[in-house]
Each structure stands twice: as structure tokens, then as C-alpha cells.
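Structure, please.
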Amino acid sequence: MGQRSVPDVFAPARLGPVELRNRIIKSATYEGLSHRGLVTEDLLDFHVGYAKGGVGMTTVAYCAVAPEGRTHPDQILWNEDALPGLRRLTEAVHAHGAAASAQIGHAGPVANPKANGRPALAPSRQFHATTLSFAREAAVADLQRIVTAHAEAARRAVETGFDAVEVHLGHNYLASSFLSPKINRRGDRYGGSLENRARFPREIMRAVRDAVGDRIAIIAKLNMDDGVPGGFWLDEAIPVARWLESDGSLDALEMTAGSSLLNPMYLFKGDAPLADFAAVMPHPVKLGVRLVGGRMLRAYPYEDLYLLEDARQIRSAVDLPVILLGGITGRSTMDRAMAEGFEFVAMGRALLREPDLLDRIRADAATPSLCIHCNKCMVTSYTGTRCVLVDRTTTRGENWGTPRGYVR
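Here you go, the predicted model:
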């Protein structure tokens, strides 16, 4: 057999039914720029910046499928009021040659029950240290409702012009928390064995596929490792990835890691800006961060391609396209991902630092990323996600919080 040809990361590529202009995806990073569940001009400009800068596709994050599934009360909900703004956002991204993906999901035990005005849901009763509250055990009726809500969100993504949906099966959001043996202590058909714990995520993905067929691409963002003892790990992620592939519900997998509930810095690697987080948190969350933040917000050494070793094992286990996330910073790391057999790469912090980085890399392959992995961009998600080394003021415009600031 001949040697496999390594694709050019900047060449056009097909993702399910969608043709992307290149293999580079702006990963889902919560923007903090929606307001009362609606798209704003600032959110539109945020994604247009990446489209202008050369990405193949940008990911709008995070769009909750149910009111109790939000981590912030301003996050977009898939209701009628949000649709005109989402449609205008996709049109603006398309006008600059990029595709648009919507990350859909339910935050589950990571949700903020006080801000949402309703209880958070989890597989089993679960304490959330930073909100100092408990999530209640989800009833089977809750799960059925949420599966249906994912399908409806995907249909509305088609209606509003999105090219793809990325279904959130990671970070111990609701679907991911069902996979975790540490969080899921149920005794019914949704708990116990891995097959039972995977039932709810598989039902979500099947419902999404049934709702949209092949009209848009369907991606699942799946944990490989929760980053906590007793949690979901690679030995279970491999069979789950195979099951999802055999179900025929996916066009691609994006592999991720970490728990927004129990170990949020595990995904990001680099510095853990604990004092910065505490400074922007409201009470009593501020108190929670100060009390347990040192245990939750642990720093991990950064290196390029830091998820490659684990993702390589998923890559060898499935035939589906796999998107490599984690420490993609320049042409050399992109080319390494292509050589390792990954079909796409996803970039987050490097593009937050420099939205036009890809255009400059295309012009000069030696162009370095200026991101220093200080992770202070994470803190800004409460005031408009940005790199603090570029702009220490809010990205929100003068119309922020007023009807003029909404895109209708």
C-alpha cells in the first residue's frame, strides 16, 4: 500500500455535507456577548473577525437548549426571539467566506441555578462548589424533554443558516456528567455500566441526526478525560466514540478534556489566574472561589499539542473525521495534526489573541502565535471574551444592554 498523502491544512475540505474553505475551526469559547438570550452587534462582530481572519468555520458558543441549562442568564436560548439575530450572524460570517457552527447543549450540574431561577440538573444530586448549591437528580421525563430540545435546537440551527452544530458532550455538562462514573450514581437504565451511562448522550445525538438529516454537519465534542480521580477516562471514551460512530449520528468528533464542574483548568493548561477569577465573581460565588479555588483552579504545564497523545488513540479507533483541539498555535502544529491523521484542527486562545493569525500564517508559515497561555481571557467571559494583552477594556459597544444593541 502507498503512503497516505498528508492534506494541506489551508486547502478546502468536506465536513459531512459542508465544504469548508480550509481545515481550521475557531473552537467554541463562550463569548459573554449575548444579552438576555439575544445576539448583539458585539457578538456578530466577534465572529466576523474570525471569518475575516481566515478560519474555515467559527463556532458560536454556547447556545443552551433549555432555560435551566445556562451557565449565565444572558446566554442564547433557542427560542423564537433569538432566531432573527442568529440568522443575521450566520449571514455576516458567510459574507466573509467562512462557515458557522452552533454549539448546542445543556450545562446540567455546571449551570447556575440562582441566575437561571430554576434548579440545575445532574444524573445524581450534586454539589457545585463555586455556586454553593446543589443540582437535583434529573428525572427520566427531564431527560426526554432535553433530548427533544436538542433536536429542536438543531432544526433551528438549520433554519437560521448554520452549517454545523457541535453538540456538547464534554466538560461534565449534562451529557458528559452522565458518562462520568464519579457524578452518575443512578440505579436505572441511565446509570451503572458504561453502556447505560452512554445511553443519554447517544439518545441526544440520534435525535439531532433524525431532526436534521444531512442538511448540516453534526459534530460531537467528547471528553477523553475528566481530569478527576474516578471520572470518565480514555479507556471509556474509546468505546463511546465507537458507539457514536456506529449509530451514524455524527460527521466528526472533536476531542476535549476536563470538567467545568470539578477541574476546569485541566483543559486549558498554562496559568491559573485565581485572583483574577475571584475579583470578577459576584457573592457568594466569590466566596466559593476563595474557599476552594486553589483546589479547583489548578495550573497545568502548557505545551503545544497537549491533547495529541490521547486524541491519537481515538483517531486510531474510529474512521470518522476527528478534530484535534489543544495547543494548536502555528503552521508546524497544524501540519503535525494533519500528518497524524486528523482531518481538522480547532484553535481557541491563539485566535482570541490574534483574530487575523491565520491570514498571516498563510502568508508566512514561520509566523508565531503571541498567546502566552496566561488564561486571563477566561476571566473576561463575564465582560466580553478577549485577550487582555490586546485590549483591557470591554469589547461591548455603546449600545450594550439596550434594544439598539440587539440584532433583530
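
so how far is P355 from the closest residue to L179 other than its chain neighbours?
Excluding the flanking residues, the one nearest L179 by CB to CB, 6 or more residues apart in numbering is F232, at 4.7 Å. Where C-beta positions appear, they are placed from N, C-alpha and C, glycine not excepted. Here F232 is placed at a distance of 33 Å from P355 (CB to CB, to the nearest Å).

Give me the more crowded residue out of these two.
More neighbours surround F232 than the other of F232 and P355, with 31 against 23 (other CB atoms under 10 Å).

Looks like that one contacts S177 (just checking).
No. Counting by CB atoms under 8 Å, F232 does not reach S177; the two are 9.0 Å apart.

anything in contact with each of the two?
Here F232 and S177 share no contacting residue, scored by CB atoms under 8 Å, 6 or more residues apart in numbering.

Report pLDDT for R202.
R202 is assigned a pLDDT of 98 by the prediction.

Kindly tell me how buried V165 is, as a neighbour count.
If we define neighbours as other CB under 10 Å, then V165 has 30 of them.

Hmm, A151 and it touching each other?
No. V165 is beyond contact range of A151, at 10.5 Å (criterion: CB under 8 Å).

which residues touch Y382?
32, 72, 280.

Contact partners for the last one?
The contact partners of V280, by CB under 8 Å, 6+ apart, come to 379, 382-383.

one more time with 6 Å, if that's ok
V280 makes contact with 379, 382, according to CB atoms under 6 Å, 6 or more residues apart in numbering.

Please state the offset of the helix ranked longest in the chain from the chain centre?
Counting residues, the longest helix found in the chain (DSSP state H) is helix 140-159. Between the centre of helix 140-159 and the centre of its host chain there is 17 Å, according to CA atoms, centre = their mean, to the nearest Å.

ditto for stretch 54-61
From the chain centre to the centre of stretch 54-61 is a distance of 12 Å (CA atoms, centre = their mean).

mind exporting that stretch as CSV, just the C-alpha atoms?
Backbone C-alpha positions of stretch 54-61 (Å, rounded to 0.1, in the frame of the first residue of the first chain) are rendered in CSV as follows:
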residue,chain,number,x,y,z
GLY,A,54,-9.3,33.3,7.6
VAL,A,55,-10.9,30.5,9.6
GLY,A,56,-12.8,27.7,7.7
MET,A,57,-15.5,27.8,10.3
THR,A,58,-16.3,29.7,13.5
THR,A,59,-18.2,28.2,16.5
VAL,A,60,-20.9,30.2,18.3
ALA,A,61,-20.8,29.2,21.9
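
Contacts for it next, please.
Contacts of stretch 54-61 (CB under 6 Å, 6+ apart): 20-22, 24-26, 28, 30, 47, 50, 98-103, 166, 358-359.

do stretch 11-30 as well
So stretch 11-30 is contacted by 9-10, 50, 55-59, 61-62, 97, 99, 103, 163, 214, 217, 251-252, 325, 344-346, 348, 351, 381, 385 (CB under 6 Å, 6+ apart).

Pull the number of nearby residues for Y30.
By the criterion of other CB under 10 Å, Y30 has 17 neighbours.

Show the backbone phi and psi for it.
Phi and psi for Y30, reported as degrees, to the nearest 10, are phi -50, psi 130.

How about the one 10 residues further on?
With angles defined as degrees, to the nearest 10, T40 sits at phi -120, psi 170.

how near is S176 to C371?
26 Å.

Of those two, give the one with the bigger neighbour count.
S176 (30 against 23).

mind checking how far F178 is from L194?
For F178, the distance to L194 - CB to CB - is 11 Å.

Give me the more crowded residue out of these two.
Between F178 and L194, counting by other CB under 10 Å, F178 is the more crowded of the two (28 against 16).

What is the neighbour count of the residue nearest to the more buried one when sequence neighbours are not counted?
Spatially, and ignoring its direct neighbours in sequence, F178 is nearest to F200 (4.5 Å; CB to CB, 6+ apart). Counted with other CB under 10 Å, residues neighbouring F200 total 27.

Could you do G16 as well?
Neighbours of G16 using other CB under 10 Å come to 17.

which stretches of the stretch 1-150 of the chain have low pLDDT?
Applying pLDDT under 70 to the stretch 1-150 of the chain flags residues 1-3, 129-130.

need the strands for it, in chain order.
Using DSSP state E, counting those that start in this stretch, the strands found in the stretch 1-150 of the chain span residues 13-15, 18-20, 24-26, 57-64, 76-77, 99-105, 121-122, 126-128, 133-137.

Adding distance to A366 and mean neighbour count as columns, could you present those in TSV?
Shown next, in TSV, are these (distance: least, CB to CB, whole Å; neighbours: other CB atoms under 10 Å):
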stretch	distance to A366	mean neighbour count
strand 13-15	24	19
strand 18-20	25	18
strand 24-26	17	29
strand 57-64	25	26
strand 76-77	38	24
strand 99-105	28	27
strand 121-122	47	26
strand 126-128	45	19
strand 133-137	48	19
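
Let me have those strands in JSON lines, adding distance to G397 as columns.
Shown next, in JSON lines, are those (distance: least, CB to CB, whole Å):
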{"stretch": "strand 13-15", "distance to G397": "33"}
{"stretch": "strand 18-20", "distance to G397": "30"}
{"stretch": "strand 24-26", "distance to G397": "21"}
{"stretch": "strand 57-64", "distance to G397": "18"}
{"stretch": "strand 76-77", "distance to G397": "18"}
{"stretch": "strand 99-105", "distance to G397": "21"}
{"stretch": "strand 121-122", "distance to G397": "35"}
{"stretch": "strand 126-128", "distance to G397": "33"}
{"stretch": "strand 133-137", "distance to G397": "33"}
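
for those strands, which one sits closest to E245?
strand 13-15 (15.2 Å; CB to CB).

Now do that closest one: distance to the chain's middle.
Once both centres are worked out by CA atoms, centre = their mean, strand 13-15 turns out to sit 20 Å from its chain's centre.
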